[in-house]
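Sequence below, structure please.
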Amino acid sequence: MQIPTRSFSALVLVLLAAACGSTGDSSSMPAASGGAVVQGTVMGGGSQNMRVAVPASSAATTTDAAGGFVLTDVPKGAAALQFSGGGQNATLATAPMVAGEFRRLTVSISGASVTEHSEQTETEFEGTVDAIDGMVLTVAGRKVAVTDATRIRKDDAAATFADLVLGTPVEVEGTLNADGSVTASEISIEEKEEAERIAFVGTLTQIAGNTLTVGGRTVNVGSSTVIVKGDATVTLADLKVGDRLLVRGTVQADMSINATRIRVLQREDEPEEMHVAGQVTAVDATTFTIGDTKIATDASTEFEGSGFHSLADLKVGDFAFAEVMKQADGSLLAKEVRKFTPPPPG
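Numbering: from 1, shown residues only. This next block holds a predicted model:
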């Protein structure tokens, strides 16, 4: 996602604890409150230097030359984004924000009309499994659908749905659907800790062995720290001074942060990687469409799953996850495609 070139100061976001409800173990994740981060792209004429704001709050930013933006300090529960500038003024109704959430979205705007491309909306958030209904979890107040393509991990190893019991603290990654539910692409089972969990956005200013300075805070990187950039997992050696990072972790007695997850926010001059997920609406010889999003394939595209070897095995009506790279001309090229079967309606 393109990132505004201006710097922004570190913002500490205290992550959400267990969502309301008595079915889970409320002690598995400490109670907290805080803001969220939205990284997005505005498509359409006049998308440059457009103001993006959360109504009735101080959260606001401006899009860059490519229409990209990063909006921090988004209040928990915020359910609208306002886009204004260049003769356009439109408000988008969104699924309510979860505290500490990272959300990535793409919108198209024309005059007073703005549309979210829901099949491209990604979310990462933490919470506790508070309810289980078939293959649907309730985490941080959201319904999370676990499919046959969902990857479940614990301690950097594969886990199963059976490991997701009530009270389990998890981090969920997936597609945020228009109804506010989530189709999970990956669920990471986290350790039950009493320590305060926080997240913050800041610029990496120093690397000293396994210790980073991010937005003036000391961040400890351990063997279990997951570092991601776009859709790829990277290493500590891939981090560079000047990178903008979203850090999640636990606060230590000396106020340093033991990082559990670090996300590198992509710069404006870097290729954009993203997920697209949903029902397939069209397929031809070299492209397919999920929702309204058209995706190309080439010889390097990987098709993952039993009996899924090529685009010829994908049919209209199937459900698919696609990891894609945005090309210079704005088109999307699939790196990996996975079919999935959504849980039956509740």
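
Spell out which helix or strand contains the residue nearest to the spatial centre of the chain, please.
Residue closest to the average C-alpha location in the chain (CA atoms, centre = their mean): T123, at 3.2 Å. If you go by DSSP states H and E, T123 is part of strand 122-133.

now P343
Assigned by DSSP H and E, P343 falls within no helix or strand.

Kindly provide the distance from the residue nearest to it when sequence neighbours are not counted to G180.
Among residues not flanking P343 along the chain, M135 sits closest, at 4.1 Å (CB to CB, 6 or more residues apart in numbering). For the C-beta atoms, the positions are set from N, CA and C on the backbone; glycine is no exception. Here M135 is placed at a distance of 18 Å from G180 (CB to CB, to the nearest Å).

more neighbours, the two?
M135 (19 against 13; other CB atoms under 10 Å).

just checking, the more buried one touches T147?
Yes - counting by CB atoms under 8 Å, M135 touches T147, with 7.3 Å between them.

How about the strand holding T123, which residues are buried there?
Neighbour counts using 16 or more other CB atoms under 10 Å place 122-130, 132 of strand 122-133 among the buried residues.

What strands line up against that strand, and which way round?
Sheet pairing for strand 122-133, assigned by DSSP bridges, gives strand 102-110 (antiparallel), strand 136-139 (antiparallel), strand 169-176 (antiparallel).

T61: which of these is closest?
strand 102-110 (13.8 Å; CB to CB).

can you list contacts of the closest one?
For strand 102-110, contacts defined as CB atoms under 8 Å, 6 or more residues apart in numbering pick out 1, 36-47, 50, 83, 88, 90, 92, 94, 97, 114-117, 120-125, 176, 199, 246, 263, 274.

Of these, keep whichever come out buried.
By 16+ other CB under 10 Å, the contacts of strand 102-110 give 1, 36-42, 44, 46-47, 50, 83, 88, 90, 92, 94, 97, 114, 116-117, 120-125, 176, 199, 246, 263, 274 as buried.

ok so, going back, check the spacing between the residue nearest to P343 and F308 real quick.
Distance, M135 to F308, by CB to CB: 20 Å.

where does the stretch 1-150 of the chain have low pLDDT?
1-34 (pLDDT under 70).
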